[in-house]
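Visitor: return atomic coordinates for the entry below.
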Amino acid sequence: MHDMSAHAVQHHAPTSFIRKHVFSLDHKVIGKQYYALALLAAFIGMGLSWMMRIHLAWTNAAIPGLQLLSKTGAPGGVMTPDYYLQLLTMHGTIMVFFVLTTAPFAAFGNFFLPIQVGAEDMPFPHFNMMSFWVTFCAFIVLMASFFVGDGPTLGGWTQYAPLNAVGSVAGPGQGTGVVLWATSIALFCVGQLLGSLNFITTTLDLRVKGMSLMRLPLSAWAWFITSCMGLTAFAVLMPACILVILDHVAGTSFFVPSNLVMNDQLIPHSGGSTLLWQHLFWFFGHPEVYIAIVPGIGIVSHVLIANMRRPMLSQRVLIYSMGALAVLSYMVYGHHMFVSGMNPFSSLAFSFPTLVITIPSTIVVLIWTFSLYGSRLRINSASLFALGFISMFVSGGVSGFFLAQPSIDIMLHATYFVVGHFHLVMGVAAMFGIFAGTYFWLPKMVGRMMNETLGKIHFWLSFVGAYCIFMPFHYLGMAGNVRRYSTFVDDYLQPLMPVHRFITVAALITGAAQLVFLYNLIHSRFWGKLAPDNPWEATSLEWSTATPPPFDNFGGKHPVVYHDPYQYGVQSSVGDYVMQTSPEQVKTEHEEK
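Guide: Got it, this is the predicted structure:
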């Protein structure tokens, strides 16, 4: 460990509005900027999902105002099949990249990682500022595809080849739309690579005196492990996107095979490989699942410990399990390609580690469960969403056992079963982690408490609503309901339409519940009750400084760490906990017995 925290901040406190709130070098401001971007993206993505669900339930229904977004894609407000696929693509891209990656990792990590290790700032503040603005530019480029040419691409968030490489002959948005999509994702990768470098260096080199690696909070460990994954995963996706752009603008054939005929036109390219894109994309794509979920595991663990008032059964095992998830995530990417016609021996080689990766996930869940058993859990909005995260993580993960078997996956892969699986285990679980972190940390971020009554209403509507939406997806999949279709006109699908209408109503109600959260967030930010420095009686370093933290985090003082971050269930001068910075020596109740 190198105690470099005294040298972390090489810039002075800004005075101008631009330097303080826009092009800021302060990691806390950058964290808030990331959170605001993720919040905007989440509501855009939710709006797109609303429009898709309304179209699926009532195919010929006119959606007011949709024709303003695209006259050709929604004449009279009625969505065309092509435009449905375009909205599906944008929904998936926005949610995976600009919400599930940005909020739990970039937003909370930027704000709290330096404080949790005792640093004054990130080691490369200019890189940190660049990481946000490059990510913001990526979002603008992606949104621009709604208003350019024939709209956004319809290739799905996975953008499979050769559709992503042959140009407009492949369908609406497959020319300019794909170029904008690939440019956006390439820029996003640059931003995340800059952020990952900062996170890794902060964790390894800016820890204060006494802060060994095993004294880091579980949330800090999660951000560190995620940044290591991001450094490898995004470094693969970025050149893959560049190759797609070259296929469009430079006449190359990285992903276009010879003698390809599309829409009765012979494509003048040769020598490329359609499967090359799948290998590159999913080598990023499966670690991306854990880039979204591992920060949630760390945040939920951190929140639960503070509310259980006792440590987890084994902090070390939790850390090792998160590390195992990171390593194994690169070994299982081929299970997304079971339907690609891969060799059965290759399928077996990817199926086995897919089952193995459930072991560290199960260990994490068991540690949570047995740590909760017998605890005096404080019930608040943060702890409820942490419990909801565990529920969604388990419910969505169980269906992964089926999809790990090639013979079963081939039958279910193109159905709603897979959609239900990854929405629960990756989408909703990660969102619950974001909500848990928001209710827990917003008082420290803005200096005001959130409304607990509104928070609990938000939780129950979201928890019940998520199950009402995504559990029926598994039934639809087993009934043979194909995913990515905009209408279900076949006779065998007609009996399933009441299920789709039920899901749509549940989605509209659950989406409306997020407006309760938005109101609570904005109202609390400006008019909420003033927050004390340590409202949760927590022990890690972020609660040992002022609320909100000063520019250099600790008011010119460099904290010294004496304990691990979770000294709960003790008898001390302040109650049942001891801060990491307190030199007070105490014995746990267990030791005294």
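
Visitor: surely P565 meets M579?
Guide: No - the criterion here is CB atoms under 8 Å, and P565 misses it with M579 at 9.5 Å. Quick note: C-beta positions are derived from backbone N, CA and C, even for glycine.

Visitor: higher neighbour count, those two?
Guide: Set P565 next to M579 and count neighbours by other CB atoms under 10 Å: P565 wins out with 26 against 23.

Visitor: helix, strand, or coil at the more buried one?
Guide: Of the three states, P565 takes coil according to DSSP: H, G, I helix; E, B strand; the rest coil.

Visitor: phi and psi next, for it.
Guide: phi -80, psi 0 (degrees, to the nearest 10).

Visitor: which residues are in contact with it?
Guide: 116, 215-218, 539-541, 580 (CB atoms under 8 Å, 6 or more residues apart in numbering).

Visitor: next one: W543
Guide: Contacts of W543 (CB under 8 Å, 6+ apart): 444, 533-534, 536, 579.

Visitor: do S395 as well
Guide: 424-425, 467, 471.

Visitor: isn't K444 up against T547?
Guide: Yes - at 5.5 Å, K444 and T547 qualify as touching, with contact defined as CB under 8 Å.

Visitor: so if I had to pick from those two, which one is more boxed in?
Guide: Applying other CB under 10 Å to K444 and T547 shows that K444 carries more neighbours, namely 24 against 18.

Visitor: would it be right to say that that one lies in a strand?
Guide: No - assigned with three-state DSSP, K444 falls outside any strand and is helix.

Visitor: would you mark the buried spots in stretch 531-545?
Guide: 531, 534, 536-545 (16 or more other CB atoms under 10 Å).

Visitor: and the next helix or strand past the longest helix anywhere in the chain?
Guide: Using DSSP state H, we find that the single longest helix of the chain is helix 274-308. Following helix 274-308 in sequence order, the next helix or strand is helix 315-328 (DSSP states H and E).

Visitor: where along the stretch 151-300 of the chain do the helices fall?
Guide: 176-205, 218-249, 274-308 (DSSP state H, counting those that start in this stretch).

Visitor: now the strands for this structure?
Guide: 261-262, 265-266, 567-568, 577-578 (DSSP state E).

Visitor: tell me which of the ones you listed sits most buried.
Guide: strand 577-578 (a mean of 24; mean count of other CB atoms under 10 Å).

Visitor: so what strands line up beside it?
Guide: Sheet pairing of strand 577-578 (DSSP bridges) gives strand 567-568 (antiparallel).

Visitor: and the closest residue to L355 other than its chain neighbours, what does it touch?
Guide: The shortest distance from L355 to any non-neighbouring residue, by CB to CB, 6 or more residues apart in numbering, is to A404 (5.2 Å). Listed by CB under 8 Å, 6+ apart, the contact set of A404 reads 335, 351, 354-355, 358.

Visitor: repeat that for N198.
Guide: By CB under 8 Å, 6+ apart, the neighbours of N198 are 122-124, 127-128, 131.

Visitor: any low-confidence regions in this structure?
Guide: By pLDDT under 70, the low-scoring segments of the chain are 1-12, 587-593.

Visitor: which residue is nearest the centroid of it?
Guide: L100 (1.9 Å; CA atoms, centre = their mean).

Visitor: give me the distance between that one and K209.
Guide: Noted for L100: a distance of 36 Å to K209, by CB to CB, to the nearest Å.
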